[in-house]
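[1] Below are the sequence and a predicted model; questions follow.
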Amino acid sequence: MSSTLGVAKWLPSDRSKILKWARKRLANYKAKNPERYAAFKKYFPDAQTADEELQEFVRNASLIKVIVDKMAFSDSIKELIYAIGTEADVGQLVIEMFRQQDHPEALGPADMILLLSDTIRTTPDYVDNESDIQIPCPVGALLTYAMVTPAGYAAFLKRRVNELFRNILNDYQKNWLLTSNSVDKLADVENGWFTPLALSEMPNFDDDFVCDPNAPHKGFKSFDDFFTRDLKKGARPVGGEDDPNVVVNACENAPYGVTYVVQKYDAYWIKSQPYSVAYILDNDPLMEKFIGGTIYQGFLSPHTYHQFHAPVSGKVVVSRLVSGTYFSQPYYTDNSANYIAAQPYLAHVSTRGVVIIDTETALGLVAFVPIGMVDVSTVDLKIQPNQYIKKGENIGTFHFGGSSHVILFEKGKELAFDLQGIKPDPLGNSFLKVNTKLATFVPPKQGKK
């Protein structure tokens with residue numbers, strides 16, 4: 001199976017494998033729901049041109065109540081269909097992004113809507129046994145061809161399109177992943193998360209995490225409960241706990257890289273994706289402190305621990321959420337759905353938190369930015385401004401979806417990074433444990449400024 005694993009184990013890097021998975025899902029849907037599929041295709045048949053396809057949505061969106069009665073669509077899916085048919089800018093971009101896909105068998109908008117509706121009422125698989133690939137972020141997988149078309153780039157930077165997909169993802173979270181219905185794959189079952197294969201990706205699970213190994217689903221009440229699981233006390237000791245110069249890993253993460261002398265503004269959307277402090281920190285008044293400083297970035301996998309901890313001790317001076325985009329990608333011309341190559345870009349545009357901590361030491365201010373990457377992509381912050389926190393303290397949680405983070409240091413602060421022999425790897429096969437040492441601040445020598 002290792003040959004098919006993709007970037008950070010969120011999605012296969014070869015999009016043709018994702019298409020194989022999507023086509024299989026569609027065939028299964030047709031077989032299980034032939035009348036429902038036929039009813040939907042009656043209103044939205046396959047069309048020869050983009051204009052014909054858009055006309056079908058425009059003409060039939062007014063019949064949405066009839067369609068919903070036949071299809072049992074959720075309100076969020078109904079809203080998307082209605083917007084495609086009644087909001088010209090939304091309809092044009094969504095139809096065109098599917099028409100511009102570079103594979104003749106890529107999904108069209110009608111089939112995508114059917115599978116999207118089914119997906120948000122289905123628990124994510126650990127591994128698809130039939131095609132032997134991991135698709136733990138199924139919504140992103142369904143859009144993998146469409147979102148990297150010219151129309152897709154434009155669509156997922158548009159406020160209204162992001163609002164529509166945010167509503168769908170919130171629906172997925174609230175009405176499935178947070179419910180007891182979503183525990184069906186938290187077991188040693190086909191495509192389950194507690195098979196021997198899955199648990200090999202989460203070694204020492206019963207020892208490290210708060211759970212009941214003998215209870216059904218190990219005691220987890222929902223998929224979200226599993227995804228945001230708690231560590232047992234002492235499972236992740238804090239490195240250099242009493243040394244204020246030691247910075248620890250805020251997340252269980254695979255290193256992406258360290259970048260020095262970052263700029264206030266830069267063209268983060270170009271292929272090289274240079275960091276831009278102003279955009280990452282959402283123009284926070286304290287951003288000037290970090291211009292010319294250092295950034296560390298690392299990303300998580302679907303199997304890792306998804307709570308995040310304070311990288312340093314100090315006083316929280318900023319703690320806020322920044323609304324961002326969903327499924328927005330920088331422009332690529334190859335056949336890759338390369339979320340990891342897009343890490344710097346996502347730090348600027350995705351939904352994220354901005355946390356700035358005053359260490360009240362020579363290290364100065366340290367900024368931590370947790371980033372929602374794909375699918376639900378929710379970031380919860382548990383801390384408030386003026387609160388004092390200890391290094392290694394739990395300060396928040398990622399909910400289901402791809403996750404990344406950056407840590408920013410002020411200009412002029414020298415840091416000796418310790419990646420524990422791990423080289424940045426787009427497959428995310430080696431991870432730094434949360435609370436282990438990430439870097440050591442090297443104070444300036446006496447008399448040196």
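    Yep, it's here. Residues are numbered from 1 along each chain as shown.
[2] All the helices of the stretch 201-350 of the chain, residue numbers only.
    205-208, 223-227, 277-280, 343-349 (DSSP state H, counting those that start in this stretch).
[3] tell me the most buried of those?
    Comparing the helices of the stretch 201-350 of the chain on average neighbours per residue, with mean count of other CB atoms under 10 Å, the densest one is helix 343-349 at a mean of 25. Every C-beta, even on glycine, is put in place using the N, C-alpha and C of the backbone.
[4] re earlier: can you tell me which of the helices of the stretch 201-350 of the chain comes nearest to residue 259?
    For residue 259, the closest of these is helix 343-349, at 8.1 Å, according to CB to CB.
[5] and the next element down the chain from the closest one?
    Counting by DSSP states H and E, the next helix or strand C-terminal to helix 343-349 is strand 352-358.
[6] sorry, back to before: mind checking which of the helices of the stretch 201-350 of the chain is nearest residue 297?
    Closest among those, once you apply CB to CB, is helix 343-349, at 5.7 Å.
[7] Let's test this: mean pLDDT of the closest one, rounded?
    Averaged across helix 343-349, pLDDT comes to 76.
[8] got it, and stretch 399-415?
    Here the average pLDDT along stretch 399-415 is 92.
[9] ditto for stretch 228-243
    Averaged across stretch 228-243, pLDDT comes to 97.
[10] can you give me the end-to-end distance of it?
    29 Å (CA to CA, to the nearest Å).
[11] Please identify the buried residues of that stretch?
    Neighbour-count burial for stretch 228-243, counted by 16 or more other CB atoms under 10 Å, picks out 228-229, 231, 235-236, 238-240.
[12] how about those in JSON lines, adding distance to residue 52?
    Listed next are the buried residues of stretch 228-243 as JSON lines, based on distance: CB to CB, whole Å:
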{"residue": "228", "distance to residue 52": "45"}
{"residue": "229", "distance to residue 52": "49"}
{"residue": "231", "distance to residue 52": "54"}
{"residue": "235", "distance to residue 52": "58"}
{"residue": "236", "distance to residue 52": "57"}
{"residue": "238", "distance to residue 52": "61"}
{"residue": "239", "distance to residue 52": "61"}
{"residue": "240", "distance to residue 52": "64"}
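[13] from the residues you listed, which is closest to residue 280?
    residue 228 (24.4 Å).
[14] quick one, phi psi at that closest one?
    phi -100, psi 30 (degrees, to the nearest 10).
[15] That one reaches residue 307, doesn't it?
    Yes. Assessed by CB atoms under 8 Å, residue 228 is found in contact with residue 307 at 6.5 Å.
[16] joint contacts of the two?
    397-398 (CB atoms under 8 Å, 6 or more residues apart in numbering).
[17] So what touches stretch 175-188?
    With CB under 8 Å, 6+ apart, stretch 175-188 has contacts from 74, 120-126, 191-196, 216-218, 220-224, 226-227, 376, 399-400.
[18] now do the same end-to-end measure for that stretch.
    Stretch 175-188: ends 24 Å apart by CA to CA.
[19] Confirm that residue 405 sits in a helix.
    No. Judged by DSSP: H, G, I helix; E, B strand; the rest coil, residue 405 forms no part of a helix; its state is strand.
[20] quick one: low-confidence ranges for the stretch 301-449 of the chain?
    328-341, 374, 376, 425-428, 447-449 (pLDDT under 70).
[21] ok, and the closest non-adjacent residue to residue 398?
    residue 306 (4.4 Å; CB to CB, 6 or more residues apart in numbering).
[22] My error: substitute residue 417 in the last question.
    residue 439 (4.6 Å).
[23] Direction included, what does whichever strand or helix holds that neighbour pair up with?
    According to DSSP H and E, residue 439 maps onto strand 437-442. Paired neighbours of strand 437-442 in the sheet (DSSP bridges): strand 246-248 (antiparallel), strand 414-417 (antiparallel).
[24] Point out the most buried one among those.
    strand 246-248 (a mean of 24).
[25] And the average pLDDT for the helix or strand that residue 38 is a member of is what?
    If you go by DSSP H and E, residue 38 is part of helix 34-43. Helix 34-43 comes out with an average pLDDT of 84.
[26] Which residues does it contact?
    So helix 34-43 is contacted by 29-30, 56, 60, 63, 67, 70-71, 110, 114 (CB under 8 Å, 6+ apart).
[27] In helices only, show me these.
    With DSSP state H as the criterion, helices contain 29-30, 56, 60, 67, 70-71, 110, 114 from among the contacts of helix 34-43.
[28] which of the residues you listed has the most neighbours?
    residue 114 (24 neighbours; other CB atoms under 10 Å).
[29] show me the contacts for it.
    Residue 114 sits in contact with 26, 29, 37, 40, where contact means CB under 8 Å, 6+ apart.
[30] hey, what's the closest residue to residue 294 other than its chain neighbours bridged with?
    The shortest distance from residue 294 to any non-neighbouring residue, by CB to CB, 6+ apart, is to residue 409 (4.5 Å). With DSSP bridges as the criterion, residue 409 is bridged to residue 294, residue 366.
[31] Surely residue 391 is in a strand?
    No. According to three-state DSSP, residue 391 belongs to no strand; its state is coil.
[32] Please report how far residue 416 lies from residue 357.
    With the distance defined as CB to CB, to the nearest Å, residue 416 ends up 20 Å from residue 357.
[33] can you list the weak-confidence ranges in the stretch 151-300 of the chain?
    Looking along the stretch 151-300 of the chain with the criterion set at pLDDT under 70, you get 266-273.
[34] domain assignment for this structure?
    15-176, 246-441 (the TED database).
[35] If you count neighbours, what's buried in stretch 137-154?
    So, applying 16+ other CB under 10 Å, buried residues of stretch 137-154: 137-149, 151-154.
[36] What about these, which are in helices?
    Per DSSP H, the subset of the buried residues of stretch 137-154 in helices is 138-142, 151-154.
[37] re earlier: ok, the residue nearest to residue 294 touching residue 291?
    No. With contact defined as CB under 8 Å, residue 409 and residue 291 do not form a contacting pair (11.6 Å).
[38] higher neighbour count, those two?
    Legend: neighbour count by other CB under 10 Å for residue 409 and residue 291, higher for residue 409 (27 against 17).
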